[in-house]
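K.L.:
Sequence plus predicted model, see below.
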Amino acid sequence: MKLTFSSDIEAADVERRIIAGVVVPFNKVGMTSAGPVIFEPGSIDIPNAKSVKLLANHDSTNPIGFAQAFQVNDSQITGSFKISSSATGQDFLIRASEGLIASLSIGVEVIASKPGKDGTLYVQKSLMREVSLVESPAFKDAVVTKVAASESEAAQPTNPTTESESVVTTAPIEDTPVETVEDAPVVEAAARPTVKAAAPYFTSPRSPIVDKGSYALHSIKAAMGDDDSKMYIRAAADSTSTNPAFNPNIYLNEFITNTRFGRPAVDACSRGQLPAAGLNLYIPTLDTNASGVAPTVATVAESAAPSNTGQVTTYTQATIEMFAGQQTVTLPLIERSSPEFMAELMVQLENAYLKATDASVIAKFISGGTAATAAAGTTSAGLISYVTAESAAAYAATSYFAQNLVVGTGQWANILGYVDSTGRSLYNAANPYNASGNVNTGSIKGNVQGLDLYVDKNAVATSASNSMFLVVPEAVTVYESPQAYFSVNVVSSMSVQLSIYGYMASVVKQAAGIRKFVAS
């Protein structure tokens, strides 16, 4: 149910363009077209003050200002309003200061109410929608108390202890049962007609835009949030086809992209320092699963010779790879475009670098890892079988524990949907009821069967083989240099070539520590 009522304006200050006053009194009867109405204390919820517009005669197409602050106590709600500098706003401000328009009228949406024995409607909960300047009040105590504040000063609330422009304080609403009125009629202020008739005359707004300079001025003001300038800009052109100069294209500084990407596979590996020189790494290796031989110790009898097995080691070789990307940018684009262009260009180059290096690590998982001992289906039982069997195999072969699970988006979707025998979700429920782990759609990192989950867009996106990897971090290491940027001026084309580059070597030290998923 919509309800509007009004009250007298007490004062208006034309110079400072502020109207302030009592918006509504509590526990007092106001006469409306639907009969007497009483608002109980705390019965009106107020949104952010700046979102409440001041209208002329409840006409939503004719805003003349906006609220700056409201103060609520047990007896009333007071508010202050900044009046627009438009011709209409100026007209209403002068009429208010001269007492020709003496009322504030609030428009609320009634949520809960109850009828009294004498026919009075008691409003218990409602939402403020707007406030208007009108001629006659429905509540005699709802009056304008002040019109103040200069054009260059910030409006101060009626309550001197409240300094914020948009602070709204409300009295608490007691948690008591209320009766909701259904199919109640729309209640209008008694002084307002309920029949709307078409205006016999129309006068176009008086616009200060008379040339390109004034248009540019109000374009700037409109961009800064001035409502009047926004109206002038909209009214400046009869149509976009006949006056294209008055309706220019607007380009925002926002940038839409789907290239935002981390490096989940790299994060799942151990990290190492890349040497300052050389293009190859040679890492001493003792792998008894290959050609390496480790020393032995055995039980020996007294005076007998100890176990004597010679150690045999090899080298694991890794090639240091260079990753680089380039952009050619003209000098006018650098010097005459928004600074955000170069900032976003460098972000996109870095995103591309991260994607390429992460994809390289995924490729090393596939080429250097070990296939799972048994194929597994894309079910919760299949996942549990894969994790348990391959975790044990990885530990037996490397002497290190598996800690991470890297999956593609297809496997991630499967995991989110896995349920137990009772139909309860395994991975997107809250602990402690979710003993198998915790995964949700708001994060690409979680816990599955005790493993840290990494969702990687560079991995196979389906549920096919090599779409999931169980990783022992010590079994694979990423050696990487810092990212660097390189630029060259090309005088012949008046352009600049920009490049991002870096060096990286990803090494699978123990193949048995990377367990590749095999689909059944």
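P.N.:
Received it, and whenever you're ready, just let me know what you need.

K.L.:
residues contacting Thr477?
P.N.:
If a contact means Cβ atoms under 8 Å, 6 or more residues apart in numbering, then Thr477 has 269-272, 506-507, 509 as its contacts. In this view, the C-beta of every residue, glycine as well, is placed from N, C-alpha and C.

K.L.:
Please apply the same query to Phe261.
P.N.:
Contacts here follow Cβ under 8 Å, 6+ apart; on that basis Phe261 touches 351, 354-355, 358, 457.

K.L.:
mind running it again at 10 Å?
P.N.:
For Phe261, the contact set (Cβ atoms under 10 Å, 6 or more residues apart in numbering) comprises 351-352, 354-355, 358-359, 456-458.

K.L.:
Name the nearest residue to it, ignoring sequence neighbours.
P.N.:
Leaving aside its chain neighbours, Phe261 sits nearest to Lys355 (5.0 Å; criterion: Cβ to Cβ, 6 or more residues apart in numbering).

K.L.:
And for Asn447?
P.N.:
If the residues on either side of it in the chain are set aside, Asn447 comes closest to Gly437, at 4.1 Å by Cβ to Cβ, 6+ apart.

K.L.:
and the one you found, how many residues sit next to it?
P.N.:
Other residues lying near Gly437 total 22 when counted by other Cβ atoms under 10 Å.

K.L.:
Got phi/psi on it?
P.N.:
Gly437 adopts backbone torsions of phi 140, psi -170, taken as degrees, to the nearest 10.

K.L.:
Now for it: which residues touch it?
P.N.:
By Cβ under 10 Å, 6+ apart, the contact list for Gly437 reads 387, 405, 415, 418, 426-429, 431, 446-453.

K.L.:
now Met494
P.N.:
Contacts for Met494 (Cβ under 10 Å, 6+ apart) come out as 330-332.

K.L.:
go on, Ser132?
P.N.:
Listed by Cβ under 10 Å, 6+ apart, the contact set of Ser132 reads 4, 6, 53-60, 62-64, 92, 103-107, 189, 192.

K.L.:
cutoff 7 Å now
P.N.:
With contacts defined as Cβ atoms under 7 Å, 6 or more residues apart in numbering, Ser132 is in contact with 54-58, 105, 107.

K.L.:
Quick one, grab the pLDDT at it.
P.N.:
The score at Ser132 is 87. That number is its pLDDT.

K.L.:
now Leu333
P.N.:
Among the per-residue scores, Leu333 shows a pLDDT of 87.

K.L.:
Determine the number of other residues adjacent to the closest residue to it other than its chain neighbours.
P.N.:
Taking Cβ to Cβ, 6+ apart, and ignoring the residues beside it in sequence, Leu333 has Phe341 as its nearest neighbour in space, at 7.0 Å. Phe341 is surrounded by 15 other residues when neighbours are defined as other Cβ under 10 Å.

K.L.:
Going forward, count from 50.
P.N.:
Done: numbering now begins at 50, and the last item shifts to Phe390.

K.L.:
quick one: Phe390 and Arg309, what's the gap?
P.N.:
Using Cβ to Cβ, to the nearest Å, one obtains 18 Å as the distance from Phe390 to Arg309.

K.L.:
Also Ser409?
P.N.:
Note on Ser409: its distance to Arg309, by Cβ to Cβ, is 19 Å.

K.L.:
So which of these two has more stuff around it?
P.N.:
When neighbours are counted by other Cβ under 10 Å, Ser409 comes out ahead of the other of Ser409 and Arg309, with 18 against 10.

K.L.:
What distance do you get for that one to Asp501?
P.N.:
Distance from Ser409 to Asp501, by Cβ to Cβ: 21 Å.

K.L.:
what are the ranges of the helices in the stretch 250-399 of the chain?
P.N.:
261-272, 276-284, 313-316, 380-385, 388-417 (DSSP state H, counting those that start in this stretch).

K.L.:
where among the ones you listed is the average confidence lowest?
P.N.:
Ranked by mean pLDDT, the helices of the stretch 250-399 of the chain end with helix 276-284 at the bottom, a mean of 70.

K.L.:
And stretch 439-453, what's buried?
P.N.:
Using 16 or more other Cβ atoms under 10 Å as the burial criterion, the residues of stretch 439-453 that qualify are 439-440, 442-443, 446-447, 449, 451-453.

K.L.:
can you dump the C-alpha coordinates of that stretch into PDB?
P.N.:
Listed next in PDB are the C-alpha coordinates belonging to stretch 439-453 (Å, rounded to 0.1, in the frame of the first residue of the first chain):
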ATOM      1  CA  GLU A 439      48.000 -43.000  -6.400                       C
ATOM      2  CA  SER A 440      48.900 -41.400  -3.100                       C
ATOM      3  CA  ALA A 441      50.200 -44.700  -1.800                       C
ATOM      4  CA  ALA A 442      52.100 -45.300  -5.100                       C
ATOM      5  CA  ALA A 443      53.600 -41.900  -5.000                       C
ATOM      6  CA  TYR A 444      54.900 -42.300  -1.500                       C
ATOM      7  CA  ALA A 445      56.300 -45.700  -2.100                       C
ATOM      8  CA  ALA A 446      58.200 -44.600  -5.200                       C
ATOM      9  CA  THR A 447      59.400 -41.100  -4.000                       C
ATOM     10  CA  SER A 448      59.500 -41.300  -0.200                       C
ATOM     11  CA  TYR A 449      57.500 -38.100  -0.200                       C
ATOM     12  CA  PHE A 450      53.800 -37.500   0.400                       C
ATOM     13  CA  ALA A 451      51.400 -36.300  -2.200                       C
ATOM     14  CA  GLN A 452      49.900 -32.900  -1.200                       C
ATOM     15  CA  ASN A 453      48.300 -31.300  -4.200                       C
END
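
K.L.:
what's in contact with that stretch?
P.N.:
The set of residues external to stretch 439-453 that reach it, using Cβ under 7 Å, 6+ apart, is 317, 338, 421-422, 500-501, 503, 519-524, 559, 561-562, 564.

K.L.:
Thr169: what's its closest spatial neighbour, skipping adjacent residues?
P.N.:
The spatial neighbour of Thr169 that comes closest, neighbours along the chain excluded (Cβ to Cβ, 6+ apart), is Pro85 at 4.3 Å.

K.L.:
Let me know the helix or strand that the one you found is in.
P.N.:
Counting by DSSP states H and E, the secondary-structure element that holds Pro85 is strand 84-88.

K.L.:
elements contacting that strand?
P.N.:
Applying 3 or more Cβ pairs under 7 Å, 6 or more residues apart in numbering; DSSP states H and E, one finds that strand 84-88 makes contact with strand 78-81, strand 170-183.

K.L.:
Check the ones you listed for me: which has the lowest mean pLDDT.
P.N.:
With a mean of 74, strand 78-81 has the lowest mean pLDDT of the helices and strands packed on strand 84-88.

K.L.:
any low-confidence regions in the stretch 400-549 of the chain?
P.N.:
478-484, 490-493 (pLDDT under 70).

K.L.:
number of nearby residues for Ile563?
P.N.:
Residues lying near Ile563 (other Cβ under 10 Å) number 29.

K.L.:
Pull the distance from stretch 267-284 to the chain's centre.
P.N.:
How far stretch 267-284 lies from its chain's middle: 27 Å, per Cα atoms, centre = their mean, to the nearest Å.

K.L.:
go on, stretch 453-469?
P.N.:
In terms of Cα atoms, centre = their mean, the centre of stretch 453-469 is found 25 Å from the chain centre.

K.L.:
go on, stretch 457-475?
P.N.:
Computed by Cα atoms, centre = their mean, the separation of stretch 457-475 from the middle of its chain amounts to 27 Å.

K.L.:
ok, residues contacting that stretch?
P.N.:
When contacts are taken as Cβ under 7 Å, 6+ apart, the neighbours of stretch 457-475 outside the stretch itself are 427, 429, 432, 476-477, 483, 485, 488, 490, 497, 504-506, 508-512, 516-517.

K.L.:
do stretch 332-344 as well
P.N.:
Contacts with stretch 332-344, where a contact means Cβ under 7 Å, 6+ apart, come from 358-365, 367, 446, 556, 558-559, 561.
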